[in-house]
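Trainee: Build me a structure from this.
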Amino acid sequence: MSLSEKTCLPCKGDVPALTPEQIEPLLAQLDQWQCEAHQKIVKSFRFDNFKQAMDLATKVAAVAQKENHHPDLIVRWGELRVEIWTHVSHGLTENDFILASKIDKCATAAR
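Mentor: As a prediction, this is how the structure comes out:
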């Protein structure tokens, strides 16, 4: 089952952060996401104007709400930067990669 077909599981703080060895194969399944210090994954989506970036941010918000897993979104002219990590685990969990995959799918559909 692909990451985008999975559903984020409720996180109550009992899920430990992934190790670097666990992160690498999950990261390899994503399109151009970067891992920062094994603590969060980030990606910037580029656009021709502010409205397109904002439109994707709105779509990402809907996906995040449905999955009950919420990224940090930074919207600026021509760019949406998405940062994802699991706050209660103080690092990355599978939920982060599931959400990133769903965001990629949403971005592809929006273009």
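
Trainee: Could you use CA atoms for every contact and neighbour count after this?
Mentor: Fine.

Trainee: Just the strands from the protein, written as ranges.
Mentor: For the chain, applying DSSP state E gives strands covering 34-36, 40-46, 72-76, 79-84.

Trainee: hey, which of these is tucked in deepest?
Mentor: Among the strands of the chain, strand 79-84 has the highest mean neighbour count (mean count of other Cα atoms under 10 Å), at a mean of 21.

Trainee: Each with direction, which strands does that strand pair with?
Mentor: The strands beside strand 79-84 in its sheet (DSSP bridges) come out as strand 40-46 (antiparallel), strand 72-76 (antiparallel).

Trainee: Switch these over to CSV; also include distance to Ala57 and mean pLDDT.
Mentor: CSV is the format used below for these (distance: least, Cα to Cα, whole Å; pLDDT from 0 to 100):
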stretch, distance to Ala57, mean pLDDT
strand 40-46, 10, 98
strand 72-76, 7, 98
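
Trainee: For Val88, which of the ones you listed is the nearest?
Mentor: Closest approach to Val88 among those is made by strand 40-46 (12.7 Å; Cα to Cα).

Trainee: Please state the offset of that closest one from the chain centre?
Mentor: Put simply, strand 40-46 sits 8 Å off its chain's centre (Cα atoms, centre = their mean, to the nearest Å).

Trainee: Just the C-alphas of it, formatted as CSV.
Mentor: These are the backbone C-alpha positions of strand 40-46, laid out as CSV (Å, rounded to 0.1, in the frame of the first residue of the first chain):
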residue,chain,number,x,y,z
LYS,A,40,11.2,17.4,10.0
ILE,A,41,10.6,17.1,6.3
VAL,A,42,10.1,20.2,4.2
LYS,A,43,9.2,21.0,0.6
SER,A,44,8.6,24.3,-1.3
PHE,A,45,6.1,24.4,-4.0
ARG,A,46,6.7,27.2,-6.6
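
Trainee: Just tell me which of the strands of the chain ends up closest to Cys106.
Mentor: Nearest to Cys106, of all these, is strand 40-46, at 11.6 Å by Cα to Cα.

Trainee: Cheers, nothing more for now.
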